[in-house]
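Participant: structure for this input, please:
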Amino acid sequence: MVTPNIPPEKRVLHVITVLSVGGVEMWLIELLRHMRQMSENGKPTESFEILMTGGRRHELDDLAASLGAKLHYIPFSRRSFLGFAKRFQKLLREGQYTAIHDHQDYAAGWHFLAGAGTLPPLRIVHVHNAPARLRESGRTATRRKLLRISAAAIRRFATHVLGTSSQILRQYRFEPAGYPLQEVRALHCGFDTSRFKEPHAESNDAVCDEIGWPAGSKIALFVGRLDAFKNADFAVDVAKAAIDKGCDLRLMLVGGGERTRERLESDVRSAGYGDRIHFAGRRHDVARLMAASHCFLFPSIEEGLGMVAVEAQAAGLSVIASDTVSREIVVIPDLVTFLPLSAGVGVWADRLCQVIAAPRGDTETPNEVVRNSSFSIESSYRALHSVYES
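Facilitator: Numbers count the residues shown, from 1 in each chain. The predicted model follows:
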């Protein structure tokens, strides 16, 4: 009997800090779900393992494991570099990986140094985070020296440098001229667009009933951690100004950040907007909330890309975004408006009132457009698979 020549399974080690609810982490979960479905349909896929350099479990660990990912925990710090290197090299030798896919931008250089001599053929650096982390890395002379070392290690060991957008690659100074031996390009993270096809009227009725708002309320939605970079304060001020102009809207803010939430919630109540502005905290039904809403407010000061704005388009939402956000979020131009934050609250409030006054579009057509873009999980997986095949 002749044994068929079946190619060995490709094994990929992803490197992140922890499996929290964040952009790259949710992308990995989406990829695992998509690969599980492919496997159930008899299609070959890679095998994913995930190394957490934070060294601890987090909220998405059980879900990732249930979807087939093998998880590893090796804490990393430069002070414990030698201990990390010893355990990391052991993992690489035993894992016999096809690729290492490191999602920690310049920190990947230190990981590659630690694994020197045992690294797999494909060594990928992926940049996801807004430039604040890069600025933090250059605050002191010592940190700038460490940054130069990690950049040199990436030039020496990496085969690919990917970014969630072309803009973030430029901001991190990952450009082809500086990394001539690497393939440097944007690779968009994707998501399951079918989750954003819920009908508006039904979702709106359910969400308004849950919060105690009148049925049919026009909802402006903000999604993101309540911090300085996501600019939740500005979103609240825009909503208050729009309400003062006579715009009949409600604002819902979704995201963690307890201290900011408490402060903003107190300010909103004392100013008399408590029945119009709702702080929903962290939610796992963002797709449903988008279906219920009329407009998406995205006044971020900076972003790696801004995937949540692409999700909003998939739900048929009009998006008002700051002009610091990458233009690569635009899949449906008619749905996206960019405004400078320097234009002020009044200009943003005027645009919000215009969007709220217009009829909400359907969901089916924009959802189909996003499904056929580079942001669908199918397209994102194909692009990633092509890298692993290179």
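
Participant: so where do the strands sit in the stretch 101-250 of the chain?
Facilitator: 122-127, 160-163, 183-186, 219-223, 250-254 (DSSP state E, counting those that start in this stretch).

Participant: now the fourth one: mean pLDDT?
Facilitator: Which is strand 219-223. Across strand 219-223, pLDDT averages out at 98.

Participant: check which helices and strands that strand sits against.
Facilitator: helix 200-211, helix 232-244, strand 250-254, helix 286-292, strand 295-298 (3 or more C-beta pairs under 8 Å, 6 or more residues apart in numbering; DSSP states H and E). In this view, the C-beta of every residue, glycine as well, is placed from N, C-alpha and C.

Participant: of those, flag the one that's most buried.
Facilitator: strand 295-298 (a mean of 27; mean count of other C-beta atoms under 10 Å).

Participant: helices of the stretch 1-150 of the chain, start to end?
Facilitator: With helices called from DSSP state H, counting those that start in this stretch, the stretch 1-150 of the chain shows them at 23-40, 61-66, 81-95, 107-114, 132-137, 141-157.

Participant: looking at this protein, which helix or strand is least sure?
Facilitator: Taking mean pLDDT, DSSP states H and E as the measure, the chain has helix 132-137 as its least confident helix or strand, at a mean of 70.

Participant: and residue 357, how many neighbours?
Facilitator: 12 (other C-beta atoms under 10 Å).

Participant: over to residue 92?
Facilitator: Residue 92 has 19 nearby residues by other C-beta under 10 Å.

Participant: where does it sit relative to residue 123, distance-wise?
Facilitator: According to C-beta to C-beta, to the nearest Å, residue 92 and residue 123 sit 11 Å apart.

Participant: need the overlap of contacts for these two.
Facilitator: residue 100 (C-beta atoms under 8 Å, 6 or more residues apart in numbering).

Participant: got a markdown table for the helices and strands packed on strand 219-223, with mean pLDDT too?
Facilitator: Formatted as a markdown table, the helices and strands packed on strand 219-223 follow (pLDDT from 0 to 100):
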| stretch | mean pLDDT |
| --- | --- |
| helix 200-211 | 96 |
| helix 232-244 | 97 |
| strand 250-254 | 98 |
| helix 286-292 | 97 |
| strand 295-298 | 98 |
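
Participant: which one of those lies nearest to residue 103?
Facilitator: helix 286-292 (21.5 Å; C-beta to C-beta).

Participant: relative to the whole chain's centre, how far out is that closest one?
Facilitator: 17 Å (C-alpha atoms, centre = their mean, to the nearest Å).

Participant: can you pull the pLDDT of residue 229?
Facilitator: 88.

Participant: the stretch 251-390 of the chain: helices as residue ranges?
Facilitator: Going by DSSP H, counting those that start in this stretch, the stretch 251-390 of the chain shows helices at 258-270, 286-292, 307-314, 345-357, 364-371, 377-389.

Participant: ok, and what's touching the first one?
Facilitator: This points to helix 258-270. Here helix 258-270 makes contact (C-beta under 8 Å, 6+ apart) with 226-227, 232-233, 236, 240, 253, 274, 277, 279, 281.

Participant: which two in the residues you listed are spaced the farthest apart?
Facilitator: 227 and 274 (22.4 Å).

Participant: who has more neighbours out of these two?
Facilitator: Shown here are residue 227 and residue 274; by other C-beta under 10 Å, residue 227 has more neighbours (15 against 12).

Participant: quick check: which of the helices of the stretch 1-150 of the chain is nearest to residue 334?
Facilitator: helix 23-40 (25.2 Å).

Participant: show me what that closest one is packed against.
Facilitator: strand 11-16, strand 47-52, helix 61-66, helix 377-389.

Participant: let's go with 7 Å and repeat that
Facilitator: strand 11-16, helix 61-66, helix 377-389 (3 or more C-beta pairs under 7 Å, 6 or more residues apart in numbering; DSSP states H and E).

Participant: highest mean neighbour count out of the ones you listed?
Facilitator: The most buried one of the helices and strands packed on helix 23-40 (mean count of other C-beta under 10 Å) is strand 11-16, showing a mean of 22.

Participant: that strand vs helix 23-40, what angle?
Facilitator: For strand 11-16 against helix 23-40, the angle by axes from the mean of the first three to the mean of the last three C-alpha atoms, to 10 degrees is 160 degrees.

Participant: tell me the mean pLDDT for strand 11-16?
Facilitator: The model assigns strand 11-16 a mean pLDDT of 98.

Participant: give the pairing partners of it; include direction for each.
Facilitator: strand 47-52 (parallel), strand 99-102 (parallel) (DSSP bridges).

Participant: got JSON lines for these, with mean pLDDT, distance to residue 356 and mean neighbour count too?
Facilitator: Listed next are the strands paired with strand 11-16 as JSON lines, based on pLDDT from 0 to 100; distance: least, C-beta to C-beta, whole Å; neighbours: other C-beta atoms under 10 Å:
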{"stretch": "strand 47-52", "mean pLDDT": "97", "distance to residue 356": "42", "mean neighbour count": "21"}
{"stretch": "strand 99-102", "mean pLDDT": "98", "distance to residue 356": "42", "mean neighbour count": "26"}
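
Participant: how about a markdown table for those strands, with distance to residue 11 added?
Facilitator: Listed next are the strands paired with strand 11-16 as a markdown table, based on distance: least, C-beta to C-beta, whole Å:
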| stretch | distance to residue 11 |
| --- | --- |
| strand 47-52 | 5 |
| strand 99-102 | 8 |
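
Participant: could you point out which of the ones you listed sits nearest residue 390?
Facilitator: Going by C-beta to C-beta, the one of the strands paired with strand 11-16 nearest residue 390 is strand 99-102, 9.5 Å.
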